[in-house]
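A.B. asks: The following comprises the amino acid sequence and a computationally predicted model.
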Amino acid sequence: MAFEIAMPQLGLTMEAGTVLHWLKRVGDTVRKEEPLLEIETDKMAVEVTSDTEGVLLAIVVPEGKAVPVGTVLGWIGQAGEAAPCVPAAAAGVATPRPSAPPPVSAAAEPAAPSGPTGPVRATPAARARARAAGVSLAAVRGTGPEGRVQARDVEGVRARPSPAGAYRDLPVAGARKVIAERLSQSFHGSVPVLLTAEAVVDRAHDLVGQMESDFRAKTGGKIGYLPLIVKAAALALRAHSRLNAHWMGHAIRLFEEIDIGIAVSLDGGLVVPVLRRADRLSLAEIATGVATLADKARTGTLTPAEMEGGTFTVSNLGGHHIGFFMPVINPPQVAILGVGRAAPRPMFRDGQVQALRVLPLSLVFDHRAVDGEPAAAFLDAVKAALEAPYRLLL
């Protein structure tokens, strides 16, 4: 019996995907859970693995073609078995097997490879590094199977400088185009309202300083304010569940689990990996989880499961000199919390002017699903938790 390979739906908002590379050709043996092909979604490139074992009978959708979710991409079955409903031309589609060229020296500028043109075979991690370094994958010789470009192949390759006065146009296509369309849909398809608040975080700053040395010794990483903010938001969502929801059109879907998306900016895009059950995690667990997800996002190694099902999002611009801003809701979620940079400010307290560290908070909510009073109560709860951070340790 033949089994279909279909374009998967990797997230609630995914409508289509592009076949980047077939990692097998017609007639190849396929093992269960072995990578079959690489696709590009609206957010990232991912590998699709096989749900069964057998032989690749046919490739229906060739490389470079975008198709809707659920489209049959190919068939797996037993050797000699005919693939169902596959035109003769499609049954013969196969990816070539180029021989692996010699590795490129990191110190030398590689020449563009000769041979057939078409999509470059590369791992998701290699694509992420090439985007960050401004390197064209077409100029990198891959040392992986069938000449596939690995992340290590990109390291040390220099981006070609542009001549003075030159410019280049970045086509609005692929992930960038879908992101633009989705953000426009979010902004124009909802009723966004912005609320702002300031949290005095001197105590939180002291707590971070006390925890940082132990955390760095155990993990080698930093804590910063973000884990405290995520924990404060998660605890506030327990009491204000109307913001831990999706707008479904016909209903407002309230979630019992609090799964917080952490917006991570990449070169040319934005991804939102999800920290599961954030309200049940300790600060150290949140810090570790956030650091791990951010690292995987930047190296292109996030799995589809790590991108799905967020119920609320935190967008942190605290690494820049940014105060209040208006983040865009990640549909179908109904709210997002924006965090600016904490900075000392003169404030009047206890009868005198003091220099207090202030953290700007920006909450955007969809007024179709949430009214102003519960949204304000949620933001007050986040502010209160950050100003009395011992609550985050209970």
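C.D. replies: Now that the structure is in, tell me what you want to look at. Since we're looking at a predicted model, the values are computed, not measured. Residues are numbered from 1 along each chain as shown.
A.B. asks: which residues touch stretch 267-282?
C.D. replies: Residues outside stretch 267-282 that contact it (Cβ atoms under 8 Å, 6 or more residues apart in numbering): 43-44, 131-132, 170, 175-176, 179, 230-231, 233-235, 237-238, 257-264, 286, 289-290, 293-294, 296-297, 302, 306-310, 313, 330. In this view, the C-beta of every residue, glycine as well, is placed from N, C-alpha and C.
A.B. asks: Those, buried ones only, as a PyMOL selection?
C.D. replies: The PyMOL command for the buried members of the contacts of stretch 267-282 (criterion: 16 or more other Cβ atoms under 10 Å) is given here:
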select buried, resi 43+44+131+175+179+230+231+233+234+235+237+258+259+260+261+262+263+264+286+289+290+293+294+296+297+302+306+307+308+310+313+330
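A.B. asks: taking the contacts of stretch 267-282 one by one, which sit in strands?
C.D. replies: Under the assignment DSSP state E, those contribute 260-262, 264, 313 to strands.
A.B. asks: Widest-spaced pair of those?
C.D. replies: 260 and 264 (12.8 Å; Cβ to Cβ).
A.B. asks: what's the burial count for residue 347?
C.D. replies: 14 (other Cβ atoms under 10 Å).
A.B. asks: what's the closest non-adjacent residue to it?
C.D. replies: Counting by Cβ to Cβ, 6 or more residues apart in numbering, residue 347 lies nearest to residue 356, which is 4.7 Å off, once chain neighbours are set aside.
A.B. asks: these two touch, right, the one you found and residue 199?
C.D. replies: No. At 10.3 Å, residue 356 and residue 199 do not qualify as touching, with contact defined as Cβ atoms under 8 Å.
A.B. asks: Which of the two has more residues huddled nearby?
C.D. replies: Neighbour totals were compared for residue 356 and residue 199, and residue 199 leads with 23 against 15 (other Cβ under 10 Å).
A.B. asks: For that one, name its beta-bridge partners.
C.D. replies: Counting by DSSP bridges, residue 199 is bridged to residue 359.
A.B. asks: For it, give its distance to residue 370.
C.D. replies: For residue 199, the distance to residue 370 (Cβ to Cβ, to the nearest Å) stands at 21 Å.
A.B. asks: swap in residue 349?
C.D. replies: Relative to residue 370, and taking Cβ to Cβ, residue 349 is found at 32 Å.
A.B. asks: Please identify which of the two sits among more neighbours.
C.D. replies: Taking neighbours as other Cβ under 10 Å, residue 349 and residue 370 compare with residue 370 leading, 22 against 9.
A.B. asks: Name all residues that make contact with the residue lying closest to that one once chain neighbours are set aside.
C.D. replies: Spatial nearest neighbour of residue 370, excluding adjacent residues (Cβ to Cβ, 6+ apart): residue 242 at 5.2 Å. By Cβ under 8 Å, 6+ apart, the contact set of residue 242 is 252, 254, 334, 369-370, 374.
A.B. asks: Now residue 242: phi and psi?
C.D. replies: Recorded main-chain torsions at residue 242 are phi -60, psi -20, according to degrees, to the nearest 10.
A.B. asks: domain ranges for the chain?
C.D. replies: Here the domain assignment for the chain is 3-91, 98-162, 177-393, based on automatic domain parsing.
A.B. asks: looking at those domains, which one has the lowest mean pLDDT?
C.D. replies: Mean pLDDT values for the domains of the chain show the minimum at domain 98-162, a mean of 64.
A.B. asks: and residue 212, what does it touch?
C.D. replies: Shown in contact with residue 212 (Cβ under 8 Å, 6+ apart): 222-223.
A.B. asks: and the gap between it and residue 79?
C.D. replies: 59 Å.
A.B. asks: Count the residues that sit near residue 256.
C.D. replies: 7.
A.B. asks: which ones are touching it?
C.D. replies: So residue 256 contacts nothing (Cβ under 8 Å, 6+ apart).
A.B. asks: So which other helices or strands are in contact with the strand or helix carrying the residue nearest to residue 347?
C.D. replies: Element membership for residue 356, per DSSP states H and E: strand 352-366. For strand 352-366, the packing partners by 3 or more Cβ pairs under 8 Å, 6 or more residues apart in numbering; DSSP states H and E come out as strand 192-200, helix 202-219, strand 335-339, strand 343-349, helix 372-387.
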